[in-house]
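Colleague: kindly return the folded structure for what I paste below:
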Amino acid sequence: MYDTNLQVEYVSTDELQEYKNNSKLHPSSQIDQIASSIEEFGFNNPILAWHNDEGEPEIVAGHGRLMAARKLGLGELPVVFLDHMSEEQRRAYIIADNSTNLSSGFDMEILSVELGAIVDIDMEQFGVEIAEPSIGDEEADETDVIGGEPSFNYKEQYGVIVMCSDEADQERTYNRLTDEGYTCKVVAV
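Modeller: Numbering: from 1, shown residues only. A predicted model of the protein is given here:
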């Protein structure tokens, strides 16, 4: 049922079309993080696309990567075409691809060890918040420091989910709340 002969092709960023009904949100802060990742590590995750009814290469997965690549001025990107999928499969895959990574978390002990081994790369540029060693800090818990090294900071948090009518409404709401000093995270449900 799947294509066992996937190949990477290079396609101009100008030719790639965004899927107009993509429900995944990409706020500018996320695009900045993706751009930082591309600058640090290279463009290592190909765009997934298919040829739409007009024959144009249309994104299936990788809208954020395309936006970041355009921001960086990249001319061509690696693309894997999924033309073997039906239109219904393509629509379902777009949603599945965006939602499956939301259904798990991190093993905090392993993550702390891995983050402690990263010395020369600023992980905060990719949206990873690092806690400084806080020995003696009354607010600290065992996830803050493992072996005296900085680790991933996970503390119980409280929040409110605000439902927005569309992406533009979400962006306006996000900007208004962050301007008022609230810490906000963008999610799609």
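Colleague: what does the model give the spatially closest residue to Gly127 that is not a sequence neighbour for pLDDT?
Modeller: Of all residues not flanking Gly127 in the chain, Gln33 sits nearest, at 4.6 Å (CB to CB, 6 or more residues apart in numbering). (Glycine included, C-beta is placed from N, CA and C.) Per-residue pLDDT puts Gln33 at 93.
Colleague: Gln33 and Val79, how far apart?
Modeller: Counting by CB to CB, to the nearest Å, the separation of Gln33 from Val79 is 22 Å.
Colleague: now the element after the helix or strand containing Ala35, going C-ward?
Modeller: Per DSSP states H and E: Ala35 is located in helix 28-41. Sequence order places strand 47-51 as the next helix or strand after helix 28-41, per DSSP H and E.
Colleague: picking that back up, okay, Gln33 and Val79: which has more neighbours?
Modeller: Between Gln33 and Val79, Val79 has the larger neighbour count (other CB atoms under 10 Å), namely 24 against 18.
Colleague: lowest average confidence, helix or strand, in this protein?
Modeller: Lowest mean confidence among the helices and strands of the chain (mean pLDDT, DSSP states H and E): strand 145-146, at a mean of 45.
Colleague: picking up where we left off before, show me how far the helix holding Ala35 is from its chain's centre.
Modeller: Helix 28-41 has its C-alpha centroid displaced from the chain centroid by 9 Å (CA atoms, centre = their mean, to the nearest Å).
Colleague: same check, this time on stretch 91-109
Modeller: On CA atoms, centre = their mean, the centre of stretch 91-109 falls 11 Å from that of its chain.
Colleague: the strands in the chain, which residues?
Modeller: 8-12, 47-51, 57-61, 76-81, 130-131, 145-146, 149-152 (DSSP state E).
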